[in-house]
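Engineer: Would you be able to build a 3D model of this:
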Amino acid sequence: MTYTFIDTQADLSAFCKLIEADGWFAIDTEFVRTDTYFPKLCLIQIQSRSGHAAIIDPMAFDALEPLWQLLENPNIRKVFHSARQDIEVLYQVSGRMPEAIYDTQIAGVFLGFGDLAGLAKVIKAELDIELEKDQTRTDWSRRPLTDKQLEYAINDVRYLAPLYERYLDKLTEAQQAALTEDFEALLNEDLYRLAPENAADKIKAVQKLPRKAQAIAYRLAEWRELYAINHNKPKRWVLSDDALVAIAKRPPKAREALYKVPNIKSSSVKNFGDEWIEIIDEVFANPDAWPETANKPAPATPQEDIFINIGFALLQQVAQDYHINPPNIAGKTDLLHLIRHPDNTLSGWRHALFGQPFTDFLNSKGGLAVEDNRLIQKTFIP
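Structural biologist: Sure thing, here's the model as predicted:
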């Protein structure tokens, strides 16, 4: 299949105009972020419904306005595989969000691919085509790229387009409708907007710390994020998550004590240790600013424990059938919430695969039975 390599404004405008009437196109990106905070967008690959294909070189442009307008057009669907990273890169480069997306990785959940299946695995299973993997370590920011590297890049959308058409045929209307919530959630700008004050939200260990330690962790994480943004350097280069949590757990009183913190860089202590100690002192002096302890739900009653165990049994069966890690569907807190609030269920594919059957059972619209060593749902009321 031929494709157009686009590195001029005239060619970009012409291509975007050409595919505008197709109604949808497959899209992928290549970027690098090995030694920077912000990703560097290196290639954008597109194939439209009618087969028009192009590799756009963003590094050759000051602006990509025709493409951004295409991505924002709500009447044209953009088909990704594992969309979140691509959307993040496009948003950070342009400050604009695409509209009307479709993510074949999420849609593949209904076909038993799990929730994290790579494109190569799905293409092999659905189209019986083996994607080459020999260019996965390519530095996409280098120029010129070889023909083999460009061919590798275009192949992702070359086969993503027919995969999308196959999914349209295989998935039911109800399944497609359930996916709408998941796709809309990916377009929430809060997922991609810079928020240094909330940087510690992404560190799981922080959420288990007591209030004072959490306050230190949040302030240090905010400092680290701002430094990384302002210098466009990976935040882990300055202070690792492990070191940050260790400081929060046992806050040193002087810079010299920071050198003893596990997994900490001595150069960072030398350059920034005084600032970190100042942050710790400020947290100690302002206990009113410490985060409030989250209200935990009341412990499950003996009867609720019975329903939780039933829910876990159904959850394990669904996870096994669809090759999904059970916690990625629901956890104990979710089960308890569903038991107490059956009308406030899960969203998207999680609701379709698990939330609806479980709440139907809770609302006596269905039952569970064992047949051929499998737990299945029995529907009483349509």
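Engineer: Would you mind measuring from Gly178 to Ile6?
Structural biologist: Just so we're on the same page, residue 178 is Ala rather than Gly. 36 Å (Cβ to Cβ, to the nearest Å). Where you see a C-beta, it was placed from the backbone N, CA and C, and this is true even at glycine.
Engineer: Same question for Ala313.
Structural biologist: Using Cβ to Cβ, Ala313 is found at 54 Å from Ile6.
Engineer: ok, the two, which is more surrounded?
Structural biologist: Neighbour count, other Cβ atoms under 10 Å: between Ala313 and Ile6, Ile6 has more, with 24 against 13.
Engineer: This protein: strands as residue ranges?
Structural biologist: For the chain, the strands defined by DSSP state E occupy 4-6, 24-32, 40-48, 53-56, 77-80, 101-103, 366-371, 374-379.
Engineer: closest to Ala120 out of these?
Structural biologist: strand 24-32 (12.6 Å; Cβ to Cβ).
Engineer: Can you pull out the low-pLDDT segments for this protein?
Structural biologist: The chain contains residues with pLDDT under 70 at 1, 294, 365-382.
Engineer: Please repeat the previous calculation with a cut-off of 50.
Structural biologist: 380-382 (pLDDT under 50).
Engineer: domains in it, as residue ranges please.
Structural biologist: Listed by automatic domain parsing, the domain ranges of the chain are 4-191, 196-289, 302-379.
Engineer: Turn the strands of the chain into JSON lines, including distance to Gly348.
Structural biologist: Shown next, in JSON lines, are those (distance: least, Cβ to Cβ, whole Å):
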{"stretch": "strand 4-6", "distance to Gly348": "35"}
{"stretch": "strand 24-32", "distance to Gly348": "20"}
{"stretch": "strand 40-48", "distance to Gly348": "26"}
{"stretch": "strand 53-56", "distance to Gly348": "31"}
{"stretch": "strand 77-80", "distance to Gly348": "16"}
{"stretch": "strand 101-103", "distance to Gly348": "11"}
{"stretch": "strand 366-371", "distance to Gly348": "20"}
{"stretch": "strand 374-379", "distance to Gly348": "19"}
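Engineer: Out of those, which gets nearest to Lys124?
Structural biologist: strand 24-32 (17.2 Å).
Engineer: Check which residues of that closest one are buried.
Structural biologist: By 16 or more other Cβ atoms under 10 Å, the buried positions in strand 24-32 come out as Trp24, Phe25, Ala26, Ile27, Asp28, Thr29, Glu30, Phe31.
Engineer: Over to stretch 42-57?
Structural biologist: 42-49, 52-57.
Engineer: what residues are up against the spatially most central residue of the chain?
Structural biologist: Centroid check for the chain by Cα atoms, centre = their mean gives Arg84 as the closest residue, at 4.6 Å. Neighbouring residues of Arg84 by Cβ atoms under 8 Å, 6 or more residues apart in numbering: Leu186, Leu191.
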